[in-house]
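> everything below, folded, please.
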Amino acid sequence: MPKMIYVAGPIFSLAEREFLEELVDTLSAELKLDAKDDFFLAHRDVGDVGIGGVGRDQAFFDDLNALDECKIIVGWLDGPDVDSGTAVELGYAYAKGDKKIFGLSTDRRKWDQSLEGVAVNNMIWGVCKKKGEIYRTIESLIVGLKRVL
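Have a look, this model is predicted:
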């Protein structure tokens with residue numbers, strides 16, 4: 001069964017994976033959705049490349065299939081620069097044309113009113129702003145998601 005919401009973000013450290021899992025738990029509780037049935041997390045649903053027998057081809061195509069099937073993408077934009085894999089996932093989803101795309105940027109160093117609210121690469125900004133929005137908090141992201149569900 002296809003997942004409704006694809007959650008993209010870096011998955012290279014324990015802290016990153018735990019944050020994404022906690023984000024999904026919070027979103028699922030607030031949106032009255034099932035954390036496993038309705039949300040796609042690459043490291044949970046496919047696995048890490050090279051860890052646990054998951055190969056590059058399998059991970060790549062499983063991620064693309066999940067992006068094709070979902071209706072909404074949430075991209076975690078924190079860090080010195082947006083994670084490269086997250087950037088590709090957001091761009092791919094934008095190109096599909098039929099997806100809502102939401103960014104989450106909780107890093108207050110990135111908030112700059114002179115750049116329309118968030119200091120991220122202009123392509124990331126455009127993908128999120130033209131198909132959805134970029135939010136500063138999980139609470140505001142929940143409000144935005146409720147509007148489209």
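
> quick one: the helices in the protein?
Here the chain has its helices, by DSSP state H, at 14-31, 42-45, 56-69, 84-96, 122-131, 138-148.

> nearest to residue 109, out of those helices?
Of all those, helix 122-131 sits nearest to residue 109, with 15.6 Å by CB to CB. For every residue, glycine as well, the C-beta is placed using N, CA and C.

> name the residues of that closest one that come out as buried.
Using 16 or more other CB atoms under 10 Å as the test for burial, helix 122-131 gives 124-125, 127-129, 131.

> elements contacting it?
Counting contacts by 3 or more CB pairs under 8 Å, 6 or more residues apart in numbering; DSSP states H and E, helix 122-131 packs against helix 84-96, strand 100-104.

> including mean neighbour count, distance to residue 39 and mean pLDDT, could those go into CSV?
Compiled in CSV, the helices and strands packed on helix 122-131 are given as follows (neighbours: other CB atoms under 10 Å; distance: least, CB to CB, whole Å; pLDDT from 0 to 100):
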stretch, mean neighbour count, distance to residue 39, mean pLDDT
helix 84-96, 18, 14, 97
strand 100-104, 24, 13, 97
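
> good, wrapping up.
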